[in-house]
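Trainee: missing the sequence, but the structure's below:
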Ligand SMILES: Nc1ncnc2c1ncn2[C@@H]1O[C@H](COP(=O)(O)OP(=O)(O)OP(=O)(O)O)[C@@H](O)[C@H]1O
């Protein structure tokens, strides 16, 4: 999982460290199919930041040719719950949006490695925390929370908040940066409204079957939350304390070559 925060945000999020990108690895448990085939996990967490590749398929002489240990900002063992992954690796960056700091949280990995599983949990925990925080601050600040959702499939961009699958035009605007024309932006009323929109998006998303995952997301999905806030009128001293920032939750399509997964038909055309 990768996290990218704005300049100020990362300094805060990493408590004094200088990194602007944090990379975490989450190992998922073997599933029933893998257990029944007597598969073994090739990876082991030796501590909170290191994973070891056990090279089961290589001969003893070949094993010495490959590195066995890789270090990341955080690694999570197979039994680790999504709540802990969120709290440790994503929460601070996601909540920085309330301070006006842009951020992105994304999952990258091959099909069936657990990207959608992790990102769904992380997104829900983050939005629940954002709503809670807004609830606590609503006496002092007025908030507007906006939500948009898109998928990139076969190099075309589709709005996941409408049933209309017409591809959207993407262009660069000198002031606004990259713009997706006519992308729906819903103003969120509350948590239930968010859950309703999320279910709608999930139903729209392109899935297919690969040899490794029966319900494989064959597209990239980007969920964008924008939080705008300003001091409540009776407290206003300085309008410049208005804030606006976005956090993106990105679930990338499997990073493997299509041929390795035996994905067929339209699915074999996409490129990453
Ligand atoms: N940490 C986990 N604990 C338990 N089950 C998991 C975990 N991670 C993933 N799974 C299960 O493994 C399967 C594959 O996960 P998922 O669909 O999230 O993979 P993916 O990386 O998004 O795959 P694809 O790129 O093909 O969409 C799912 O059935 C999911 O429920």
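Mentor: Done, it's in. These numbers were taken from a predicted model, which means no experiment stands behind them.

Trainee: from here on, contacts and neighbour counts on C-alpha atoms
Mentor: Fine.

Trainee: helix or strand right after the worst-scoring helix or strand of the chain on mean pLDDT?
Mentor: Every helix and strand of the chain was ranked by mean pLDDT, DSSP states H and E. The lowest is helix 7-13, at a mean of 41. Toward the C-terminus, helix 7-13 is succeeded by strand 21-26 as the next helix or strand (DSSP states H and E).

Trainee: quick check, that next one touching the ligand?
Mentor: No - taking Cα under 6 Å from any ligand atom as the criterion, strand 21-26 and the ligand are apart, separated by no less than 7.4 Å.

Trainee: try stretch 80-87
Mentor: No - judged by Cα under 6 Å from any ligand atom, stretch 80-87 and the ligand are separated, with a smallest distance of 6.9 Å.

Trainee: please work out the average pLDDT along the longest helix seen in the chain.
Mentor: Under DSSP state H, the helix in the chain containing the largest number of residues is helix 115-137. Mean pLDDT, computed over helix 115-137, is 96.

Trainee: try stretch 43-53
Mentor: Stretch 43-53 shows a mean pLDDT of 92.

Trainee: stretch 82-101 too?
Mentor: 96.

Trainee: that older thread, give me the angle between the longest helix of the chain and strand 21-26.
Mentor: 120 degrees (axes from the mean of the first three to the mean of the last three Cα atoms, to 10 degrees).

Trainee: which residue ranges form the strands in the stretch 151-272 of the chain?
Mentor: With DSSP state E, counting those that start in this stretch as the criterion, the stretch 151-272 of the chain has strands at 156-159, 170-173, 177-180, 186-187, 207-208, 216-217, 220-231, 243-251.

Trainee: what's the closest of the ones you listed to residue 23?
Mentor: Closest approach to residue 23 among the strands of the stretch 151-272 of the chain (Cα to Cα): strand 243-251, 14.1 Å.

Trainee: the closest one pairs with which strands, parallel or anti?
Mentor: If you go by DSSP bridges, strand 243-251 pairs up with strand 103-107 (parallel), strand 220-231 (antiparallel).
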